[in-house]
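Visitor: Build me a model:
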Amino acid sequence: MSDSAPDPAPQAERGEVLYRQYCGNCHAPDRNKYGPMHRGVFGRAAGAVPDYPYSDALAEAAIVWNAETLDRWLADPTAMIPGTRMRFRLDDADARRSIIVYLASLSDADHLVGPQAAQQGAQ
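Guide: Just a heads-up that it's a prediction; the model follows:
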């Protein structure tokens, strides 16, 4: 990573605001709501949160969440995994990147995503 790479902290702060705005009705970092909890999502297999009733499609998906898979998911979950119950789409690539950096911060996953990886995942 070069010295000119942007600091991910402000992007994570913006991501937290956007997460609450776009995701907060259905998701929370530390508890299951209508959707599964998100703390530790980076590096976790899709459909793997204990005690959450996933759709068969998501439970059987062979996906591990990272910047690229989360970007594809947030852009169009039903195209990525037909049969999922999640219908929300986030068309704004910058908002997706910020939310992904925030989710990474919930996962202690600095080694899995940084500003460059989040940008690559959004391409």
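Visitor: What is the burial count for Asp51?
Guide: Neighbourhood size, Asp51 [other CB atoms under 10 Å]: 7. Bear in mind the C-beta positions are built from the backbone N, C-alpha and C, glycine included.
Visitor: That one: which element?
Guide: Asp51 belongs to no helix or strand when elements are defined using DSSP states H and E.
Visitor: Report the separation between it and Met37.
Guide: As defined by CB to CB, to the nearest Å, Asp51 lies at a distance of 10 Å from Met37.
Visitor: Over to Asp56?
Guide: Taking CB to CB, one finds Asp56 at 20 Å from Met37.
Visitor: which residues are contacting stretch 19-31?
Guide: Under the criterion CB atoms under 8 Å, 6 or more residues apart in numbering, residues 33-39, 88, 90, 95, 99, 102-103, 106 lie in contact with stretch 19-31.
Visitor: ok, and for the biggest helix by length in the chain, which residues are buried?
Guide: Taking DSSP state H as the criterion, the chain has its longest helix at helix 93-105. Using 16 or more other CB atoms under 10 Å as the test for burial, helix 93-105 gives 95-105.
Visitor: cool, stretch 49-65 as well?
Guide: So, applying 16+ other CB under 10 Å, buried residues of stretch 49-65: 49, 54, 57-58, 61, 63, 65.
Visitor: Among these, which one lies nearest to Glu16?
Guide: Comparing the buried residues of stretch 49-65 against Glu16 with CB to CB places Trp65 closest, at 17.8 Å.
Visitor: Now do the contacts for the residue lying closest to the closest one once chain neighbours are set aside.
Guide: Leaving aside its chain neighbours, Trp65 sits nearest to Val41 (5.0 Å; criterion: CB to CB, 6 or more residues apart in numbering). Going by CB under 8 Å, 6+ apart, Val41 touches 65, 70, 103, 106-107.
Visitor: Done for today, thanks.
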